[in-house]
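In: Quick one, what's the 3D model for this:
(one chain, ligands or ions: 2)
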Amino acid sequence: MTSPRRPAARRRTAVLRREAVLATVPVAVAALLGAAGPTAAGTPGAAGAGDPYFPLSGNGGYHVRHYDLTLRYDTASRHLDGRAVLTARATQRLSRFDLDLKGLKVTGVTVDRAAAGFTRNGQELVVTPRHALREGQEFRVAVTYNGTPKPVTDPDGSADGWIRTDDGAFVAGEPQGAMTWFPANGHPSDTSSYDFTITVPKGRTAVANGVLAGQHTAHGRTTFRWHQAEPMAAYLATATVGTFRVERYTTPDGVQVVNAVDAREARAAAPVLRQLPSVLAWESKLFGPYPFRAAGSIVDHAPDVGYALETQSRPVYDSAPDLSTLVHENAHQWFGDSVALTAWRDIWLNEGFATYAEWLYSEQHGGRSAQKTFDALYDRPASDNLWAFPPGDPGSGRNIFGTPVYDRGAMTLHELRRTVGDRAFFRILRAWATEHRGRHGTSAQFVRLAERESGKDLEGLFHTWLYAHGKPDRA
Ligand code: TRP
Ligand code: ZN
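Out: Ligands and ions are numbered 1, 2, ... in the order given. Below you'll find the predicted structure:
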């Protein structure tokens with residue numbers, strides 16, 4: 001029952017790659033350079049959003065309101081042609097600013113239609129507009145680029161971003177892979193709406209986030225248009241390409257469902273995908289109304305990937321998911337997607353909650369109770385990996401998908417439930433999803449909300465389960 005979707009990724013967790021360690025050295029230097037040199041023309045935007053786990057992810061000095069991505073992918077040559085138009089607002093006077101983009105060749109950048117200067121510095125695309133941007137100014141930056149996208153290797157050794165498959169690409173950007181296929185403000189503290197226009201060879205399907213806004217075939221190519229209206233973090237964007245069977249329907253609540261399934265996974269996926277409407281209805285009953293106007297699944301055949309991702313409105317699976325994985329990825333639509341992270345350190349707000357949703361699903365559908373799942377985990381000896389670090393403070397980007405984040409994160413919620421009782425507990429889950437819907441949340445805000453809803457002092461509980469090192473004593 002606990003996290004069966006990540007065995008491959010977890011195995012890789014133990015492997016700390018040498019280049020990942022070395023990569024952290026220039027980071028501090030780049031951050032200093034980014035912060036240096038205010039002039040009359042304004043200050044350069046910082047090279048990162050200030051997240052110590054991924055110091056270069058995201059950028060300072062602006063917020064992206066909307067991404068308009070036009071992509072053409074040739075599945076035979078693996079070549080990607082892209083044009084990204086970002087509508088953004090400066091949050092300081094800006095002499096220049098960065099976008100995250102790794103690899104790929106940039107052929108032109110404009111700011112408000114005027115050619116802008118640009119240079120590349122590692123994963124930073126540094127843009128110098130002809131005129132400094134005023135604080136509060138809305139501006140449009142257009143980037144034309146092309147090349148063969150390559151995934152990025154994360155500190156835990158897993159690959160994310162644009163990952164080629166035998167018939168297209170599996171596209172999943174958590175935590176930092178968005179920059180492998182579009183120029184992004186790639187930190188979850190910045191969320192935006194998106195339009196995608198993706199052209200692929202006829203016979204292939206390109207599936208992105210949100211509602212399908214159009215599709216047409218001409219000259220041996222098909223163009224798909226997708227629209228993601230609700231704010232989305234860059235890592236949750238997808239443009240997965242493959243040979244898919246596509247199923248579309250609308251739920252009684254008016255949510256547009258699109259399931260795209262690789263034929264090789266179709267038989268195994270069918271009985272699970274059939275449950276999607278009832279899973280979403282059950283989660284809506286528990287967590288509040290489904291937060292998006294689109295839903296669905298992308299079931300790819302990508303045996304080397306080793307994980308699924310809760311891509312917004314439509315999770316992407318590397319193979320046919322089992323039911324608890326379907327429950328997990330769709331629970332993320334409330335916890336992680338609609339309510340976004342402000343820092344990667346708080347990742348338990350995503351993974352602990354989605355894992356606890358699995359436990360609850362089992363309990364309410366004739367399976368093991370959450371208490372039994374908790375007890376089985378608690379039985380593990382103090383030396384077990386489960387207690388290797390506290391879920392509320394994983395310590396580095398290398399640990400964000402570790403067992404403590406998922407399982408001890410869920411145990412934290414179970415202890416909260418035992419302490420405040422079912423009525424208050426379910427009120428807390430719902431209030432969290434509702435009050436932060438389409439916005440952000442932090443661990444501290446969650447603790448405060450739980451205290452408010454329960455009328456209890458919960459500092460000790462959260463200290464013990466979220467932040468204390470080692471196996472907690474039984475209360
Ligand atoms: N967030 C994903 C899930 O829990 C897991 C995941 C995404 C992941 N990217 C990863 C796990 C990279 C390991 C490595 O469903
Ligand atoms: Zn998850």
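In: In the stretch 151-300 of the chain, which residue sits nearest ligand 1?
Out: Taking CB to the nearest ligand atom as the measure, the stretch 151-300 of the chain has residue 158 as its residue closest to ligand 1, at 3.6 Å. Yep, even glycine has a C-beta here, placed from its N, CA and C like the rest.
In: What distance do you get for that residue to residue 45?
Out: Separation of residue 158 from residue 45 (CB to CB, to the nearest Å): 29 Å.
In: same question, residue 309
Out: For residue 309, the distance to residue 45 - CB to CB - is 28 Å.
In: Ok, residue 220 next?
Out: The gap separating residue 220 from residue 45 is 42 Å, by CB to CB.
In: what do you get for residue 65?
Out: Taking CB to CB, one finds residue 65 at 16 Å from residue 45.
In: and the protein, which residues reach ligand 2?
Out: Proximity of the chain to ligand 2, by CB under 5 Å from the ion, involves residues 351, 354.
In: Which one of the residues in the chain is closest to ligand 2?
Out: Relative to ligand 2, the nearest point of the chain is residue 354 (4.3 Å; CB to the ion).
In: Make sure that residue is actually in contact with residue 310.
Out: Yes. At 7.3 Å, residue 354 and residue 310 qualify as touching, with contact defined as CB atoms under 8 Å.
In: Give the residues shared as contacts by these two.
Out: Residues touching both residue 354 and residue 310 (CB atoms under 8 Å, 6 or more residues apart in numbering): 329, 332, 336.
In: closest to residue 178 among these?
Out: Within the shared contacts of residue 354 and residue 310, the smallest distance to residue 178 is 15.1 Å, found for residue 336 (CB to CB).
In: What sits closest to the closest one if chain neighbours are left out?
Out: residue 350 (3.5 Å; CB to CB, 6 or more residues apart in numbering).
In: The one you found: neighbouring residues, count only.
Out: 25 (other CB atoms under 10 Å).
In: Just give me the neighbour total for residue 378.
Out: 14.
In: I should have written residue 427 there, sorry.
Out: 16.
In: do residue 473 as well
Out: Using other CB under 10 Å, residue 473 has 7 neighbouring residues.
In: where does this protein come near ligand 1, residue by residue?
Out: Proximity of the chain to ligand 1 is confined to 5-6, 9, 156, 158, 160, 174, 307-310, 328-329, 351, 401 under the rule CB under 6 Å from any ligand atom.
In: so which one among these has the lowest pLDDT?
Out: Among the residues of the chain next to ligand 1, residue 9 carries the weakest pLDDT, at 34.
In: Give me the residue ranges of the chain where confidence is low.
Out: Counting by pLDDT under 70, the chain contains low-confidence residues at 1-40, 475.
In: where do the helices sit along it?
Out: Ranges of helices in the chain, per DSSP state H, are 7-13, 18-35, 266-273, 276-287, 323-331, 348-364, 370-378, 403, 409-420, 422-435, 443-454, 459-462.
In: Redo those helices as CSV? Include distance to residue 470.
Out: Compiled in CSV, those are given as follows (distance: least, CB to CB, whole Å):
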stretch, distance to residue 470
helix 7-13, 19
helix 18-35, 26
helix 266-273, 38
helix 276-287, 32
helix 323-331, 27
helix 348-364, 17
helix 370-378, 13
helix 403, 14
helix 409-420, 14
helix 422-435, 26
helix 443-454, 19
helix 459-462, 16
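In: looking at those, which is closest to residue 255?
Out: With CB to CB as the measure, helix 276-287 is the member of the helices of the chain nearest residue 255 (7.4 Å).
In: so what secondary structure elements neighbour the closest one?
Out: Counting by 3 or more CB pairs under 8 Å, 6 or more residues apart in numbering; DSSP states H and E, the packing neighbours recorded for helix 276-287 are strand 256-262, strand 294-299, helix 323-331, helix 348-364, helix 422-435.
In: among these, which is the most enclosed?
Out: Of the helices and strands packed on helix 276-287, the one with the most neighbours on average (mean count of other CB atoms under 10 Å) is strand 294-299, at a mean of 26.
In: Contacts for that strand next, please.
Out: When contacts are defined by CB under 8 Å, 6+ apart, strand 294-299 is touched by residues 207, 209-211, 228, 238, 240, 244, 251, 255-262, 265-266, 269, 273, 276, 280, 311, 313-317, 319-321, 326, 330, 333.
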